[in-house]
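Colleague: got a predicted structure plus its sequence, pasted below:
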Amino acid sequence: MTDTQNSIKTYDRPIVVAGATGKQGGAVVRRLLERGHKVRALTRNPAKPAAAELAQMGAEVVTADLEDRMSLDTALTGAGAVFSVQDFLESGVEAELRQGLNLTEAAGAAGVGHIVYSGASTMDRNTGVPHLDSKWQVEQRVRSLDVHWTVFRPAAFMDNWVWDRQAIEQDGVIRYPMRPDTVYRQVAVVDIAAMAVLAFERPDIWAGQIMPLTGDVSTMDEIAETFAQVTGRSVRYEQMSWEACLEQQGEELTSMYRYFDTFGMDGDPRYLRRWHPEALTLEAYLRADGRDQPASSAA
């Protein structure tokens, strides 16, 4: 057994996971359970199939609403640590900020030993992008707590390609408003979870640390090439107009893409792999998705 394995922290109290039925929270729950930790999964609706699945895996599923501080105080009673994440796409930017602050305050009041907060790349730059700036406000409050804290700033999710993949394979076109040579940084949600769990297990290393998370760095043209290699289909990148992006995806996401196109994103895959060598590239993620065979050979 290595020195790292010998020094893994184990909690005699459960680790609370917010957003447990979502992408990040769900991945963190699964990783914690795989590593043998006690998990308390928060959800507004324990009847959800995703919540039932987590319960079957061994998580303690608890009803709590990030908008309801009293429910959070109850849910965090006796907790050893907290994973904090919020989703502006689900509830809006103002609600995301309220929820993040509510959970942070509840964690501080509960006396948890460690809070790991997952925000977003560039959120510390005063971007003018509302959901990035709101995450920065939550991060600042997390860092003011008199407890161990760790902040991760993930790049764009590779998992978001799931929404577009079928259309990309059918049409052979990836459409975004960024320039073809814009460098786009991405990370798989499972790798965010791996780093969050590492932070919980090694507070001697990770308490008080901030780290951007990036598993892949590619231009938009290179992303199209990767799709072509994985799927065996012809795929090209086509830059859509900013007006079309605004109409299709709304002001919030358009402002984010414009910022990334102008100022770039943060994170170096080499640093992520120093701590988590199994971190996925985009090609590895797309192949792991299980739909990497040309239609002519699928049977």
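Modeller: Nice, I can see it.
Colleague: local confidence estimate at Trp136?
Modeller: On pLDDT, Trp136 comes in at 97.
Colleague: what sits against it?
Modeller: 119, 123-124, 126 (C-beta atoms under 8 Å, 6 or more residues apart in numbering). Just so you know, the C-beta spots here come from the backbone N, C-alpha and C atoms, and that holds for glycine as well.
Colleague: quick one: it from Met123, how far?
Modeller: Trp136 sits 5 Å away from Met123, going by C-beta to C-beta, to the nearest Å.
Colleague: ok, now Val183?
Modeller: Applying C-beta to C-beta, the value for Val183 to Met123 is 18 Å.
Colleague: next: Arg270.
Modeller: For Arg270, the distance to Met123 (C-beta to C-beta) stands at 22 Å.
Colleague: looking at those two, which is more packed in?
Modeller: Remark: of Arg270 and Met123, Met123 carries more neighbours, 22 against 9, as counted by other C-beta atoms under 10 Å.
Colleague: could you look up the SS state of the more buried one?
Modeller: Of the three states, Met123 takes coil according to DSSP: H, G, I helix; E, B strand; the rest coil.
Colleague: show me where this protein has its strands.
Modeller: Residue ranges of the strands in the chain, as given by DSSP state E, are 15-17, 39-43, 60-63, 81-84, 114-118, 148-154, 156-157, 173-176, 183-187, 209-213, 216-219, 236-239.
Colleague: now Ala20: closest residue in space that isn't a chain neighbour?
Modeller: Distances taken as C-beta to C-beta, 6 or more residues apart in numbering put Ala41 closest to Ala20, at 3.5 Å, once the chain neighbours are dropped.
Colleague: for that neighbour, which residues are in contact?
Modeller: 17, 20-21, 25, 29, 51, 54-55, 59-62.
Colleague: ok, 10 Å please
Modeller: 14-21, 25-26, 28-29, 32-33, 50-51, 54-55, 57, 59-62, 64, 75 (C-beta atoms under 10 Å, 6 or more residues apart in numbering).
Colleague: now the common contact residues for Trp136 and Met123.
Modeller: Arg153.
Colleague: if we can go back for a sec, the contacts of Ala41 in helices, which ones?
Modeller: 25-26, 28-29, 32-33, 50-51, 54-55, 57, 75 (DSSP state H).
Colleague: for ChimeraX, what selects the buried ones among the residues you listed?
Modeller: Only the buried members of these enter the following ChimeraX selection, criterion being 16 or more other C-beta atoms under 10 Å:
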select :25,26,28,29,32,33,50,51,54,75
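Colleague: looking at the ones in helices among the contacts of Ala41, spot the one nearest Ile192.
Modeller: Of all the ones in helices among the contacts of Ala41, Ile192 sits closest to Val28, with 7.8 Å by C-beta to C-beta.
Colleague: identify the residue spatially nearest to that closest one, adjacent ones excluded.
Modeller: Per C-beta to C-beta, 6+ apart, closest to Val28 is Ala193, 4.5 Å.
Colleague: where does the stretch 1-150 of the chain have low pLDDT?
Modeller: Residue ranges of the stretch 1-150 of the chain with pLDDT under 70: 1-7.
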